[in-house]
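> Prediction below, plus the sequence it came from.
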Amino acid sequence: MPVITAEPFDFTCDIDTCALIVIDMQRDFVEPGGFGASLGNDVSRLMAIVPTVARLIDGARRAGMMVIHTRECHRPDLSDLPEAKRLRGSPSLRIGDPGPMGRLLVAGEPGADIVPELAPLPQELVIDKPGKGAFYATELGAVLSRRGIRQLIFAGVTTEVCVQTTMREANDRGYDCLLATDATESYFAEFKDAAVRMITAQGAIVGWATPTNTILEALNV
Ligand code: C5J
């Protein structure tokens, strides 16, 4: 079995029961004019990781690993959008409002799509989620159980929000979780660093972390 050098110690990966999960690499988070930008963020930090995420996805596919994609988005009638989430803060546009890429964070709108460079293959699982965590109000847990998945490799955005929330949900459900440190990003460099440290501290209290090349070398792809 491939042994991936990681923090805080080696991660032994069983390719047959491991999946790569790519969190929310959507135009609404990484392109100008979307939800991330409406909150006042500089989205260029997130766009910069797209080639690294693409290499990781390609490597996972070549290794024969299951690849899962998530999208944070809401039903067109916004029936799964809590008012507390819609009204939070003072963004220039709110979830559901029309923007340059369609209605913000609404399923089926161009902004809710995954960036074209990372487009899922037709047979790959795409989870639409109304929350920050990918297990909340989705079929993810049931699908992973059915497929016998026990380990998850994480990529995507943002490190300290949807990636970390999903890692914590997965950790509590008994999955071993490995974060690809250069295939994830935050609008705030210091939040990413803190999240990686929180995840790996205390003997991998939430999970492991290592760069993409280290994963790909161990998988021999
Ligand atoms: C946020 C996410 N940051 N995908 N969503 O609201 O991390």
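Yes, it's here.

> Pull the helix of greatest length in the chain out as CSV, backbone CA atoms only.
If you go by DSSP state H, the chain has its longest helix at helix 189-204. Extracted C-alpha coordinates of helix 189-204, given in CSV (Å, rounded to 0.1, in the frame of the first residue of the first chain):
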residue,chain,number,x,y,z
ALA,A,189,-3.2,33.3,4.1
GLU,A,190,-3.1,33.2,7.9
PHE,A,191,-6.4,31.4,8.1
LYS,A,192,-5.1,28.6,5.8
ASP,A,193,-2.0,28.3,7.8
ALA,A,194,-3.9,28.1,11.1
ALA,A,195,-6.4,25.6,9.6
VAL,A,196,-3.6,23.2,8.5
ARG,A,197,-2.0,23.5,11.9
MET,A,198,-5.3,22.9,13.7
ILE,A,199,-6.1,19.8,11.6
THR,A,200,-2.7,18.1,12.1
ALA,A,201,-2.1,19.1,15.7
GLN,A,202,-2.3,16.8,18.7
GLY,A,203,-1.4,13.7,16.7
ALA,A,204,-3.7,14.3,13.6
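
> Show me what that helix is packed against.
helix 164-172, strand 176-185, strand 208-210 (3 or more C-beta pairs under 8 Å, 6 or more residues apart in numbering; DSSP states H and E). Any C-beta I mention is one placed from the backbone N, CA and C, and that applies to glycine too.

> Looking at the ones you listed, which is nearest to the ligand?
For the ligand, the closest of those is helix 164-172, at 7.8 Å, according to C-beta to the nearest ligand atom.

> residues contacting the closest residue to residue 30 other than its chain neighbours?
Leaving out its chain neighbours, the residue that sits closest to residue 30 by C-beta to C-beta, 6 or more residues apart in numbering is residue 46, at 4.2 Å. Contact analysis of residue 46 by C-beta atoms under 8 Å, 6 or more residues apart in numbering lists 29, 30, 36, 157, 158, 185, 187.
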